[in-house]
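>>> just to be clear, the model below is a prediction. Sequence and coordinates:
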Amino acid sequence: MVGAIMAVGALLTGCAQFPDEHPSAWSEQPSLEPQAGPQPSIEGEQPPPETGGPQQPPERTPCHDPDPAVVATCLDPVGAIAVLPDGQGALVGERATGRVLRVQRGSAPVELARIPVNTAGGGGLTGLALSPSYHEDELFYAYVTTGGDNQVVRVAPGDRPKPVLTGIPKGGSGNGGALIDDGKGALLVATGNAGNPGNAANPASLAGKILRIDTFGKPAPGNPDPASPVLASGLAAPGGLCAVAATGTYWVTDRGGPQDALFQVRPGQPLGAPAWTWPDRPGVAGCVASPELVVVALADARAMFTLSPTPEGAFTGQPAKVLENRYGRLSAAALGPDGLLWAGTTNKAGGQPGPTDDRVLRIEPPTGGTAGKD
């Protein structure tokens, strides 16, 4: 299930009214079908012999998945994804093992690093981002929970992970985080509140915040306060970060409080009221965004949720729940340079895993479904 899309974008309040008209269509209409083009071959499948001899049945491995959207199989639950610059492969982080793998359709996953992690309180490896200069240095960054704190670490090819930002509080819950390259040479970091809402309100704490740092873990140039990495505060248990780098529009999902929420990040301001809320708490996770669409993975609801924003911040059309129960618990999400959406599953962590779980998918961002605002 793969195709093409434009970049992804800007929401405002979940209380908005929804007019009947829909936003303008993509230049290439997305679909929920597998990627157009030649059908993928089955691993081990041989062409029929030229002679009239008996044809052997195709050999299938236990981790073979015939779905053309599936890029990698038989992984541990996926905690984070970062798409490589060519759009054909991605780095995938397993939340509980700390393994970072390079995956690509038709190739076996390659382990690049194994970062020690602690999974208590929703922690583990929950964020991945490529270096802003990845094409030169091949560095990547991970958000991980250790025995004593939460950290951002930098990994170079063939080297051990090196902490660049430490001391993010760790607690009984709210230890997960997220990472993205902001498109302007810096990294955005979403941190949980470590189980204490007071941390998010405390300007001296790194917990419950959106941080913007350079590649050495220092406050990035252009921050509202040059001496502080903090862009915004008020998070509890972030599930994902996404951005429209061209417009400087950033979004974060959060699972804290009585409802799940999607926030627009406005540098230098508290997160304030959510742009969208889910009172039934479907387990918001990773997200991707363009000016025309925001897609949020829902782990507990085993689906994705789409919203269509306008430049003014209102919503048009009908928000929708899509891909429901097709792949199970969807977690990490990332957008490739070709506009395709990558997602990972966590069916081995509270779901109903199939024989090839957990998996990584590469699909066209979905745009249709049946469910409106929860």
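Perfect, I can see it now. Numbers count the residues shown, from 1 in each chain.
>>> give the next helix or strand downstream of whatever helix or strand Ser331 lives in.
Using DSSP states H and E, Ser331 falls within strand 330-335. Next along the chain after strand 330-335, taking DSSP H and E as the criterion, comes strand 341-345.
>>> hmm, who's touching that following strand?
Residues outside strand 341-345 that contact it (CB atoms under 8 Å, 6 or more residues apart in numbering): 5, 71, 75, 77-81, 83, 90, 92, 286, 288, 295, 297, 304, 327-336, 351, 357-365. Where C-beta positions appear, they are placed from N, C-alpha and C, glycine not excepted.
>>> the residue nearest the centre of the chain pairs with what?
In the chain, the centroid-proximal residue (CA atoms, centre = their mean) is Ala333; its distance is 2.8 Å. Taking DSSP bridges as the rule, Ala333 bridges to Ala343.
>>> so it touches Ala285, yeah?
Yes. Contact criterion CB atoms under 8 Å: Ala333 and Ala285 qualify, at 7.0 Å.
>>> now the end-to-end length of stretch 131-145.
One end of stretch 131-145 to the other measures 20 Å (CA to CA, to the nearest Å).
>>> how many other residues sit next to Gly158?
Neighbour count of Gly158, defined by other CB atoms under 10 Å: 8.
>>> please tell me how far it sits from Glu138.
According to CB to CB, to the nearest Å, Gly158 and Glu138 sit 10 Å apart.
>>> likewise for Phe216?
Taking CB to CB, one finds Phe216 at 17 Å from Glu138.
>>> out of those two, which sits in the busier spot?
Taking other CB under 10 Å, Phe216 and Glu138 do not tie; Glu138 has more neighbours (15 against 9).
>>> so who does the more buried one touch?
Glu138 neighbours (CB under 8 Å, 6+ apart): 131, 156-157.
>>> output those residues in JSON lines; the columns should cover pLDDT and neighbour count.
Putting the contacts of Glu138 into JSON lines (pLDDT from 0 to 100; neighbours: other CB atoms under 10 Å) gives the following:
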{"residue": "Ser131", "pLDDT": "96", "neighbour count": "20"}
{"residue": "Ala156", "pLDDT": "95", "neighbour count": "14"}
{"residue": "Pro157", "pLDDT": "85", "neighbour count": "10"}
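>>> now the strands: where do they sit in the stretch 251-374 of the chain?
Taking DSSP state E, counting those that start in this stretch as the criterion, the stretch 251-374 of the chain contains strands spanning 260-265, 276-278, 284-289, 294-298, 303-307, 320-322, 330-335, 341-345, 360-363.
>>> show me which residues of the last one are buried.
Think strand 360-363. Within strand 360-363, the residues scored as buried using 16 or more other CB atoms under 10 Å are 360-363.
>>> helices or strands next to the strand holding Ser331 in the packing?
Here strand 330-335 touches strand 78-83, strand 89-94, strand 238-244, strand 284-289, strand 294-298, strand 341-345, going by 3 or more CB pairs under 8 Å, 6 or more residues apart in numbering; DSSP states H and E.
>>> could you dump the last one to PDB, C-alpha only?
Put plainly, it is strand 341-345. Extracted as PDB, the C-alpha positions of strand 341-345 are listed here (Å, rounded to 0.1, in the frame of the first residue of the first chain):
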ATOM      1  CA  LEU A 341       4.200   7.600   5.200                       C
ATOM      2  CA  TRP A 342       6.200   5.100   7.200                       C
ATOM      3  CA  ALA A 343       4.700   3.500  10.300                       C
ATOM      4  CA  GLY A 344       5.600   0.800  12.800                       C
ATOM      5  CA  THR A 345       3.500  -1.500  14.900                       C
END
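>>> may I see the buried residues of that strand?
For strand 341-345, the buried set under the neighbour-count rule, 16+ other CB under 10 Å, comprises 341-345.
>>> what mean pLDDT does it get?
Averaged across strand 341-345, pLDDT comes to 98.
>>> got the angle between it and strand 294-298?
10 degrees (axes from the mean of the first three to the mean of the last three CA atoms, to 10 degrees).
>>> same thing with the fourth one?
On the basis of the same axes, to 10 degrees, strand 284-289 is oriented at 160 degrees to strand 294-298.
>>> test my guess that Phe315 contacts Val294.
No. With contact defined as CB under 8 Å, Phe315 does not reach Val294; the gap is 9.5 Å.
>>> looking at the two, which has the bigger crowd around it?
Between Phe315 and Val294, counting by other CB under 10 Å, Val294 is the more crowded of the two (30 against 23).
>>> need the residues touching each of Ala333 and Ala285.
With CB under 8 Å, 6+ apart, Ala333 and Ala285 have common neighbours 240, 296-297.
>>> what I need now is the residues you listed written out in CSV, including pLDDT for each item.
Shown next, in CSV, are those (pLDDT from 0 to 100):
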residue, pLDDT
Gly240, 97
Val296, 96
Ala297, 97
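>>> where does pLDDT dip in this structure?
1-60, 311-314, 367-374 (pLDDT under 70).
>>> just the closest of the buried residues of strand 341-345 to Gly106, please.
Checking the buried residues of strand 341-345 against Gly106 by CB to CB gives Trp342 as the nearest, at 15.7 Å.
>>> quick check: Asp214 vs Pro132, distance?
9 Å.
>>> so what sits against both of those two?
In contact with both Asp214 and Pro132: 185-187, using CB under 8 Å, 6+ apart.
>>> of these, buried ones?
Among those, the ones that count as buried by 16+ other CB under 10 Å are 186-187.
>>> and of the shared contacts of Asp214 and Pro132, the nearest to Ala227?
Ala186 (15.2 Å).
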